[in-house]
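Trainee: Sharing a sequence plus its predicted fold:
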Amino acid sequence: MEKIGRTKVVELLKSEAFDTTVCVKGWVRTKRGNKNVNFIALNDGSCLANIQIVVDVANFDEELLKKITTGASVSVVGTLVASQGQQKCEVLAKEVELLGEADPNTYPLQKKGHTLEFLREIAHLRPRTNTFGAVFRMRHHMAMAIHDFFHKKGFFYFHTPIITASDCEGAGQMFQVTTMNLYDLKKDENGSINYDNDFFGKQASLTVSGQLEGELAAMSLGSIYTFGPTFRAENSNTPRHLAEFWMVEPEVAFAEIEENMQLAEDFIKHCINWALTHCEEDLKFLSDMYDKELIERLNFVVNNNFKRLTYTEGVAILEEAIKNGKKFEFPVFWGCDLASEHERFLVEEQFKSPVILTDYPKEIKSFYMKQNEDGKTVRAMDVLFPKIGEIIGGSQREEDYNKLETRAAEMGVPSKDIWWYMDTRRFGTAPHSGFGLGFERLLLFVTGMSNIRDVIPFPRTPKNADF
């Protein structure tokens, strides 16, 4: 076969170099035709669209053409010509090489609709579908948007450990990491496991957040962000929870809660603008197929200032709505952890804009959040979105050593596990703030998908660690 460099489908479809010889490689989506001509729709994952390959049957071996079925991988050399169809160009095949067959009797992605539930069972093949090609290209673009935003603002990308000996959230829902033989665990006289011979010589777990280490970095580099996998051993089988997911966590020295809120609003608007600008084809497909209001909702967030109010004001609004006949599944009272339905009411019905709630009761927030003068609330902030509820959670961090030590003790966080974290309050402490964004929650919002298992390539959920 004539050696000629491969051109991706996304480039071919933009090209106007008609009557030139090109090489394209990809997977067959469909093949149709008659005894004289075959039409092969070829996709290589570089974009949503296929390129049409026109095959003059008389010029090719019949047995070869029989093997070119849906899912097969082929290399085609041919002439790029203007097309009379929907696309402006197609390829007239001169040479076709079958790179890999796909048995039509067993290849599960035949030309028909497949449910998202079925596709989760074949997660190794689902990126070949239009839906997941679009979702995973958008996942890439959102990662690029995140790096672009922080880099241009002078933040440093900081890598925090995935294996840790501290529980950042104090929630205890951590996956243990060990090299010990689980069938023969050594225990001390109290029946506690002895970790002396374990790899790290102490109990170690997968991280639930990079925040604490991120704070250490912010207190020297000024502005940092982490972006990496985190793990929660939370037995939640819902469309919003994963056991392994990605988190984006900026931390900024000398920033107080107001600057933190502005950073969160600017950040999320940048990401959504990036999707609208760089993912037009994939967004249109996902909107047509899954969520007709998707693009309208993205523009809604970009074009509206985020409404800011305190938790206390939010609860008062919700209580007033209940008095006026609004029904909620979960009760509302000062001190409750607001449910998604409450958050969405504030966004979708009350203010018709994204909402940033601040100053939450200290009892429902983590030990590291800065305490307000009232002794009841902390400088926490949650960004609430339509259809999703909370998408970002953050706070100004408590910089006072004594207050932080007291609060950690009240919440049962052992001082021996966070001595290094406390040191930043002993040596040159300063106000600082940060927040966390669950990357997959952002992806749910920008893709219009309704289940978080469908925006990560290989979801990890209770009783599921396949692929």
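Mentor: Okay, I see it. Numbers count the residues shown, from 1 in each chain.

Trainee: Burial check on Gln211, number of neighbours?
Mentor: 26 (other CB atoms under 10 Å). In this view, the C-beta of every residue, glycine as well, is placed from N, C-alpha and C.

Trainee: One more: Ala218?
Mentor: 27.

Trainee: repeat for the one 3 residues further on
Mentor: The criterion is other CB under 10 Å. On that basis, Leu221 has 13 neighbouring residues.

Trainee: tell me the phi and psi of the residue nearest to it when sequence neighbours are not counted?
Mentor: If the residues on either side of it in the chain are set aside, Leu221 comes closest to Phe156, at 5.1 Å by CB to CB, 6 or more residues apart in numbering. Dihedral angles of Phe156 (phi, psi; degrees, to the nearest 10) stand at phi -110, psi 140.

Trainee: beta partners for Phe156?
Mentor: Counting by DSSP bridges, Phe156 is bridged to Ile224.

Trainee: got a pLDDT number for it?
Mentor: Listed pLDDT for Phe156 reads 98.

Trainee: For it, give its distance to Tyr225.
Mentor: 8 Å (CB to CB, to the nearest Å).

Trainee: okay, how far is it across stretch 441-456, tip to tip?
Mentor: Stretch 441-456 has an end-to-end distance of 10 Å (CA to CA, to the nearest Å).

Trainee: per-residue confidence at Cys336?
Mentor: Looking at Cys336, its pLDDT stands at 96.

Trainee: Surely His114 touches Phe132?
Mentor: No - counting by CB atoms under 8 Å, Phe132 is not a contact partner of His114; they are 10.4 Å apart.

Trainee: Which one of those two is surrounded by more residues?
Mentor: Phe132 (20 against 15).

Trainee: helix/strand/coil for the more buried one?
Mentor: helix (DSSP: H, G, I helix; E, B strand; the rest coil).

Trainee: got a list of what it touches?
Mentor: Applying CB atoms under 8 Å, 6 or more residues apart in numbering, we find Phe132 in contact with 119, 126, 454.

Trainee: For those, which PyMOL command selects only the ones that are buried?
Mentor: Command for PyMOL that selects the buried part of the contacts of Phe132, burial taken from 16 or more other CB atoms under 10 Å:
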select buried, resi 119+126+454
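
Trainee: Quickly name whichever of the contacts of Phe132 is closest to Ile163.
Mentor: Distance to Ile163, by CB to CB, is smallest for Asp454 among the contacts of Phe132, at 28.6 Å.

Trainee: So which of the contacts of Phe132 are in helices?
Mentor: Secondary structure assignment by DSSP state H places Leu119 of those in helices.

Trainee: ok, the contacts of Phe132 vs Ala380, which is closest?
Mentor: Closest approach between these and Ala380, by CB to CB: Asp454, at 30.0 Å.

Trainee: so how far is His270 from that closest one?
Mentor: In this view, Asp454 and His270 are 24 Å apart by CB to CB.

Trainee: What is the distance between stretch 231-246 and the centre of its chain?
Mentor: Taking CA atoms, centre = their mean, to the nearest Å, one finds the center of stretch 231-246 at 12 Å from the center of the full chain.

Trainee: In that stretch, which residues are buried?
Mentor: 231-232, 240-246.

Trainee: Any idea how far apart the tips of that stretch sit?
Mentor: Note: stretch 231-246 ends 8 Å apart using CA to CA.

Trainee: Over to stretch 335-349?
Mentor: From its first residue to its last, stretch 335-349 covers 22 Å (CA to CA).

Trainee: Same check on stretch 364-374?
Mentor: Chord length of stretch 364-374, first to last residue, is 16 Å (CA to CA).

Trainee: Averaged pLDDT, it. What do you get?
Mentor: Here stretch 364-374 scores 95 as its mean pLDDT.

Trainee: what's it in contact with?
Mentor: By CB under 8 Å, 6+ apart, stretch 364-374 touches 168-170, 211-212, 215, 257, 335-337, 359, 362, 377-380, 395-399, 403-404, 407-408, 410-411, 413, 431.

Trainee: among the residues you listed, which are in strands?
Mentor: Using DSSP state E, the subset of these located in strands is 359, 377-380, 395-396.

Trainee: In CSV: the residues you listed, plus distance to His278, neighbour count and pLDDT.
Mentor: Formatted as CSV, the ones in strands among the contacts of stretch 364-374 follow (distance: CB to CB, whole Å; neighbours: other CB atoms under 10 Å; pLDDT from 0 to 100):
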residue, distance to His278, neighbour count, pLDDT
Asp359, 36, 20, 98
Thr377, 40, 20, 97
Val378, 37, 27, 98
Arg379, 35, 23, 98
Ala380, 33, 24, 98
Ser395, 31, 24, 98
Gln396, 33, 26, 98
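
Trainee: what comes up buried for the helix or strand where Asp423 lies?
Mentor: Take DSSP states H and E as the rule and Asp423 turns out to sit in helix 419-426. By neighbour count on 16+ other CB under 10 Å, the buried set for helix 419-426 is 421, 424-425.

Trainee: list the helices and strands the helix or strand just after that helix packs on?
Mentor: Proceeding C-terminally, helix 419-426 gives way to strand 432-438 as the next helix or strand, assigned by DSSP H and E. In terms of contacts (3 or more CB pairs under 8 Å, 6 or more residues apart in numbering; DSSP states H and E), strand 432-438 is packed against helix 211-221, strand 244-253, helix 257-278, strand 389-396.

Trainee: got the contact list for strand 432-438?
Mentor: Residues outside strand 432-438 that contact it (CB under 8 Å, 6+ apart): 209, 211, 214-215, 218-219, 245-257, 259-260, 263-264, 267-268, 381, 383, 391-397, 399.

Trainee: nearest residue to Ser223 other than its sequence neighbours?
Mentor: Phe155 (4.5 Å).
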